[in-house]
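Novice: need a structure here:
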Amino acid sequence: MTTAPTRPSAAIRLTQYAHGGGCACKIPPGELEAVVAGLVRTGPVDPAGELVVGLDDGDDAAVVRIPGGQGLVLTTDFFTPVVDDAHTFGRIAAANALSDVYAMGGTPVVAVNLLGWPRDVLPAELAAEVLRGGLEVAQEAGCHVGGGHSIDDPEPKYGMAVTGLVDVDRIIRNDTAAAGTALSLSKPLGVGVLNNRHKATGEVSEQAVASMTTLNRDAARAAVAAGIRAGTDVTGFGLLGHLYKMARASGVTAVVEAAAVPYLAGAREALAEGFVSGGTRRNLDWVRPHADLSRIPDGEALLLADAQTSGGLLLGGEVPGAPVIGEFVPRQDHVVIVR
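Specialist: Now for the predicted structure:
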């Protein structure tokens, strides 16, 4: 009797080779803003093209105007494993990198791989599985993968640098939210606590994997078609962190109806069991001085600050299939209000 061959990733838990996982590994938002503060509103003396969206408000990607009313969208994202399976890790990381183009209302055109691999610790076959997963998701998006760059790294890391196209008159930005518009979210929250439980116990949340590997393409297309011009995606800074950046940049206040926010199955249980990342706690600490969270319990606030990986789009407007979770109102004492 013969047995099926074992996949190279079957006996190896990738999450155990990294100090964190996914977008929870991001440098804390306040610390990051201090690091890049000196780079804002600077540019070359004689630029070759017009930078339409840059670093000023920490948007999801850069946009450079090209002839014909088009813009080039440029972004990059990479992180340590958020799941143990190498192929799934590649799929998640690619969907997450492509998301920044969708968050700007653009279409990904070509990507290059970014791979860090502990070659003396983990087999090359696993690295190939990661790249295969990334290629599959890029192909699903209609995006070419044209090579990339790899280094020998103490921790496994993977992501992509992505270039896309966008109509410069229909860009979705994080500084254009207007008072009186609805606030919609295209994917449920809870990925962070579920991934943290997976890292600690090995328990896989199929719902979390399905959410992280789902492209934001359809939500982006619906948003552009609806004339929405304000939005961002929800990743490592959590819903509260990304919403705070969006409301602050737009000069408005965001009001969130806590009961309307959707969560993945098992998220509240993972929270109750204590599977909260340090990144999530830092997100909440950063937002709290600028938010009124007095009407919700601390656990709810942590879920709203939960560091997401490949999360959904947070949009200033209504689109089919994306629940409305609040609204933007004129600027008040607090930039974010949760009730």
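
Novice: The stretch 101-250 of the chain: strands as residue ranges?
Specialist: Per DSSP state E, counting those that start in this stretch, the stretch 101-250 of the chain carries strands over the ranges 107-117, 144-152, 157-167, 182-185, 231-233.

Novice: what's the most buried one of those strands?
Specialist: Sort the strands of the stretch 101-250 of the chain by mean neighbour count, taking mean count of other Cβ atoms under 10 Å, and strand 231-233 sits at the top with a mean of 29. In short, each C-beta sits where N, CA and C put it, glycine included.

Novice: for that strand, the distance to its chain's centre please.
Specialist: 9 Å (Cα atoms, centre = their mean, to the nearest Å).

Novice: Show me what that strand is packed against.
Specialist: With contacts taken as 3 or more Cβ pairs under 8 Å, 6 or more residues apart in numbering; DSSP states H and E, strand 231-233 sits against helix 86-103, helix 238-250, strand 313-316.

Novice: What lies in contact with that strand?
Specialist: 59-60, 99-100, 102-103, 105, 172-174, 216, 223, 242, 245-246, 311-317 (Cβ atoms under 8 Å, 6 or more residues apart in numbering).

Novice: returning to what we had before: can you redo the strands of the stretch 101-250 of the chain as CSV with mean pLDDT and distance to Thr75?
Specialist: Listed next are the strands of the stretch 101-250 of the chain as CSV, based on pLDDT from 0 to 100; distance: least, Cβ to Cβ, whole Å:
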stretch, mean pLDDT, distance to Thr75
strand 107-117, 98, 9
strand 144-152, 97, 15
strand 157-167, 98, 5
strand 182-185, 98, 21
strand 231-233, 96, 11
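
Novice: Burial check on Arg339, number of neighbours?
Specialist: For Arg339, the count of nearby residues is 13 (other Cβ atoms under 10 Å).

Novice: which residues touch it?
Specialist: Applying Cβ under 8 Å, 6+ apart, the residues near Arg339 are Val255, Val256, Glu257, Ala258, Arg295, Ile296.

Novice: go on, Arg132?
Specialist: His87, Gly90.

Novice: pLDDT value on it, please?
Specialist: pLDDT recorded at Arg132 is 98.

Novice: begin at 832 from here
Specialist: Okay, residue one is now 832; in that scheme the one you just asked about reads as Arg963.

Novice: just to revisit the earlier point, please tabulate the helices and strands packed on strand 1062-1064 in CSV, including the columns mean neighbour count, mean pLDDT and distance to Ala842.
Specialist: Converted to CSV, the helices and strands packed on strand 1062-1064 look like this (neighbours: other Cβ atoms under 10 Å; pLDDT from 0 to 100; distance: least, Cβ to Cβ, whole Å):
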stretch, mean neighbour count, mean pLDDT, distance to Ala842
helix 917-934, 28, 98, 12
helix 1069-1081, 26, 97, 33
strand 1144-1147, 28, 98, 37
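
Novice: Val943 bridge partners, please.
Specialist: Ala992 (DSSP bridges).
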